[in-house]
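# This is a predicted model, with the sequence first.
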Amino acid sequence: MLAGFLLMHLKSVNQDHAKASGVFIEAPARLHLGFVDMHGGLGRRYGSLGLALESLSTQLTITPLPATGEPAATGERAARCARRLLDHLGIDAAVEVRVHASIPEHAGLGSGTQLSLAVGTAINQLFDAGLTVPTLCDIMGRGRRSGVGVGAFTQGGFLFDGGRCEKAGPPPIVARTDFPDAWRVLLILDHRAHGLYGRTEQQAFSDLPEFPAAAAAELCRLTLMQIMPALAEADFHCFADGIGALQQAVGDHFASAQGGRYSSARVAAALDWLRGQGVTGLGQSSWGPTGFAFLASADDAAAKAAALRRRFSGVPGMEFRVVEARNRGCRMITSRAPNAAPQTLDANRRRA
């Protein structure tokens, strides 16, 4: 997606700060499948369902640099993340951040959270800062409404967070399960559109009508008594029907902010075609424009993707991609010294 690098110099460098010669990290994209309680009458608001994805990820390497010269900078988004954390830690250091691949921005796939946590975790490891993931989220300003991006980074799999309350930190992951290996996700990407973000997103949340308590109760029941048990038993049709029902309710609630149930008319047309083919487990990830559909097998997903490519061949900017779920979190490799073998760290056992 993005190939490039940035060189960032911060004040005067002391390379003795660094405890490693470099850190590589891969952070997975995620689907945000919808909120379950936008009423908030029990003291917690939102609560999210999400799924970590293979094939789409942010991949970067951070290394310390000697204090020679004033290097040029590119990739300003990653630079801001690094500068924010190093300034917070009070570390005078020069670092190089090479971005090898990145998740599409403002597409509903969690690019901001994954980039922030990837940069933050790599710097945390490089300088042995001892920060926890919740602390990194607080410093980097991530996980303030949903916890599934943080859960995708640390654990992967299918995730259910318990919603936001007044307590600081990202919403807790209260349920997590592996996604069945045979099932596939068909992504519908519209590269000529983008979802809401920043101040526009904040204003959209503020302008939404109140969500009825009875509707929130039904979505929570749908999650706990249909979607999660169906995953535990690998009951595809029950799972897909539950996701489709939740997506319909959430999409209709956000319609006033995004111009309809889906933010992209082109994605909406593709989803409508899939619905006409009997696909029920479909919807939009976060603010979109990315749409998704769950299919029970790789063959079915490939056939549906091929049919969509033929049908929308004349529509510029559309992409149909079949991916697997990712049942593990980020991947990190730390090089301890120039001549030492890299150390691979499993994010599911050792976290930032």
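Cool, got the structure. Numbers count the residues shown, from 1 in each chain.

# In contact with the residue nearest to the spatial centre of the chain, which residues?
For the chain, the residue sitting closest to the mean C-alpha position, by Cα atoms, centre = their mean, is Gly110 at 2.9 Å. By Cβ atoms under 8 Å, 6 or more residues apart in numbering, the contact set of Gly110 is Ala29, Arg30, His32, Ile103, Val148, Gly149, Ala152, Ser286. (Each C-beta comes from the backbone N, C-alpha and C, glycine too.)

# cool, Val315 as well?
Residues near Val315 by Cβ under 8 Å, 6+ apart: Arg266.

# That one: which element?
Here Val315 sits in a region with no helix or strand, counting by DSSP states H and E.

# Please report how far it lies from Gly195.
Distance, Val315 to Gly195, using Cβ to Cβ, to the nearest Å: 19 Å.

# Next: Pro180.
Taking Cβ to Cβ, one finds Pro180 at 28 Å from Gly195.

# more neighbours, those two?
Neighbour totals were compared for Pro180 and Gly195, and Gly195 leads with 22 against 17 (other Cβ atoms under 10 Å).

# avg pLDDT for the strand ranked longest in the chain?
With secondary structure taken from DSSP state E, the chain has its longest strand at strand 46-64. Average pLDDT, strand 46-64: 95.

# Repeat that for stretch 227-245.
The average pLDDT within stretch 227-245 is 98.

# Low-confidence stretches in the protein?
Along the chain, segments meeting pLDDT under 70 span 1-17, 66-75, 336-352.

# Going along the chain, name the helices of it.
Per DSSP state H, the chain carries helices over the ranges 76-89, 111-126, 133-140, 148-154, 198-207, 213-222, 228-232, 236-253, 255-258, 265-276, 298-311.

# highest average neighbour count across those?
Greatest average neighbour count among the helices of the chain goes to helix 148-154 (a mean of 29), per mean count of other Cβ atoms under 10 Å.

# Contacts for that one next, please.
With contact meaning Cβ under 8 Å, 6+ apart, helix 148-154 is reached by 27-30, 32, 48-52, 110, 113-114, 117-118, 121, 133, 137, 142-143, 159, 161, 170, 173, 176, 326, 329-330, 347-348, 351.

# Just the buried residues of those residues.
Taking 16 or more other Cβ atoms under 10 Å as the criterion, what is buried in these is 27-30, 32, 48-52, 110, 113-114, 117-118, 121, 133, 137, 142-143, 159, 161, 170, 173, 176, 326, 329-330, 347, 351.

# backbone phi and psi for the residue nearest to Gly244 when sequence neighbours are not counted, please?
In space, and not counting its chain neighbours, Gly244 is closest to Thr280: 4.3 Å by Cβ to Cβ, 6 or more residues apart in numbering. Backbone torsions for Thr280, taken as degrees, to the nearest 10, come to phi -110, psi -30.

# Residue numbering should commence at 17 henceforth.
With the count now opening at 17, the last piece we talked about shows up as Thr296.

# dump the residue contacts of Thr296.
So Thr296 contacts His253, Ala256, Asp257, Ile259, Gly260 (Cβ under 8 Å, 6+ apart).

# Turn the residues you listed into TSV, including distance to Ala286.
Output for the contacts of Thr296, formatted as TSV (distance: Cβ to Cβ, whole Å):
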residue	distance to Ala286
His253	21
Ala256	17
Asp257	20
Ile259	17
Gly260	15
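
# related to what we said a few turns ago, distance to Phe336 for the helices of the chain - can I get that in CSV?
Formatted as CSV, the helices of the chain follow (distance: least, Cβ to Cβ, whole Å):
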stretch, distance to Phe336
helix 92-105, 27
helix 127-142, 20
helix 149-156, 33
helix 164-170, 22
helix 214-223, 26
helix 229-238, 28
helix 244-248, 25
helix 252-269, 18
helix 271-274, 21
helix 281-292, 8
helix 314-327, 4
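
# Ok, which of those comes nearest Ala36?
The closest of the helices of the chain to Ala36 is helix 127-142. By Cβ to Cβ, the value is 5.3 Å.

# any idea of the angle the closest one forms with helix 214-223?
Between helix 127-142 and helix 214-223, the angle comes out at 120 degrees (axes from the mean of the first three to the mean of the last three Cα atoms, to 10 degrees).

# I'd assumed Ala229 was in contact with Gly57.
Yes - using Cβ atoms under 8 Å, Gly57 and Ala229 qualify as a contacting pair, with a distance of 5.4 Å.

# With Gly59 as the reference, measure out to Glu182.
8 Å.

# Of these two, give the one with the bigger neighbour count.
Taking neighbours as other Cβ under 10 Å, Glu182 and Gly59 compare with Gly59 leading, 9 against 6.

# doesn't Cys181 make contact with the more buried one?
Yes - Gly59 lies in contact with Cys181 (Cβ under 8 Å); the separation is 5.7 Å.

# measure Gly297 to Arg100 for me?
To Arg100, Gly297 is 38 Å away according to Cβ to Cβ.

# nope, Ile41 is what I meant
Taking Cβ to Cβ, one finds Ile41 at 17 Å from Arg100.

# Equivalent analysis for Ala314, please.
41 Å.
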